[in-house]
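[1] I'd like to go over a predicted model; first the sequence, then the structure.
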Amino acid sequence: MKKTLIILTAFVMFVFQTSLGELIDIFGIVPNLILIFVIAYSLDTTAFVASLVGCVCGIMIDFSDNGILGLGAIVMMYVALGANVVSKKFYYDNKFVGLIIVFISGLIFESSRFFIMNLLYSGTQTPLIFFRYIFPEAVYNSVLSVPIMWWVNYLKNEYIRGI
């Protein structure tokens, strides 16, 4: 039951981000709900599971984007692994530290995807993109991470029976 709810949550986040994400945009900034879910799940699990969830959710992002297939999977996997390693040292069920990890991971994820795509399709002004899209999206992701972290922590409770 627990694994089914986690998979269903990831799929609902994907559907909501790709189809209804424009309804909650602020000044053209759409939050990355899948990234928030992956980081919230990675904070309190093993490194292998964090990497696996990051890779699978990154592939889902790659299918929805028109970019390079596999780029989002690799970057999301490393961001999930990094969030897992950092959380083992600093997290200790402190929600504020979780928000900071979501913020920094959002900056790393979007910046690395942008810079890799910029290597292929150059001609974009990098500082403008960072301050116009990447930084506000990281702030927006941090704000929206509060209910998603609450839901992921609820899914990890012991009274939800696993299969």
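    Good, I have the coordinates.

[2] pick out the residue nearest the middle of this protein.
    Leu35 (0.9 Å; CA atoms, centre = their mean).

[3] where does the chain have low pLDDT?
    1, 67, 91-93, 120-126, 158-163 (pLDDT under 70).

[4] where do the strands sit along it?
    For the chain, strands defined by DSSP state E do not occur.

[5] what about the helices in it?
    Residue ranges of the helices in the chain, as given by DSSP state H, are 2-19, 33-42, 47-64, 71-90, 95-120, 126-129, 135-155.

[6] out of those helices, deepest packed?
    Ranked by mean neighbour count under mean count of other CB atoms under 10 Å, the helices of the chain are led by helix 33-42, which reaches a mean of 27. The way it works is simple: take the backbone N, C-alpha and C, and place the C-beta from them, glycine included.

[7] distance from the chain centre to that one, please.
    Distance, stretch centre to chain centre, for helix 33-42: 4 Å (CA atoms, centre = their mean, to the nearest Å).

[8] what's the burial count for Leu23?
    8 (other CB atoms under 10 Å).

[9] on that earlier part again, excluding its backbone neighbours, what's nearest the residue nearest to the centre of the chain?
    Phe109 (5.7 Å; CB to CB, 6 or more residues apart in numbering).

[10] the one you found reaches Val75, doesn't it?
    Yes - with contact defined as CB atoms under 8 Å, Phe109 counts as touching Val75 (5.8 Å).

[11] list phi and psi for Lys156.
    phi -90, psi 0 (degrees, to the nearest 10).

[12] do you know how far it is from Ala40?
    Noted for Lys156: a distance of 10 Å to Ala40, by CB to CB, to the nearest Å.

[13] ok, Lys89 next?
    Distance from Lys89 to Ala40, by CB to CB: 17 Å.

[14] swap in Tyr154?
    Here the distance between Tyr154 and Ala40 works out to 11 Å (CB to CB).
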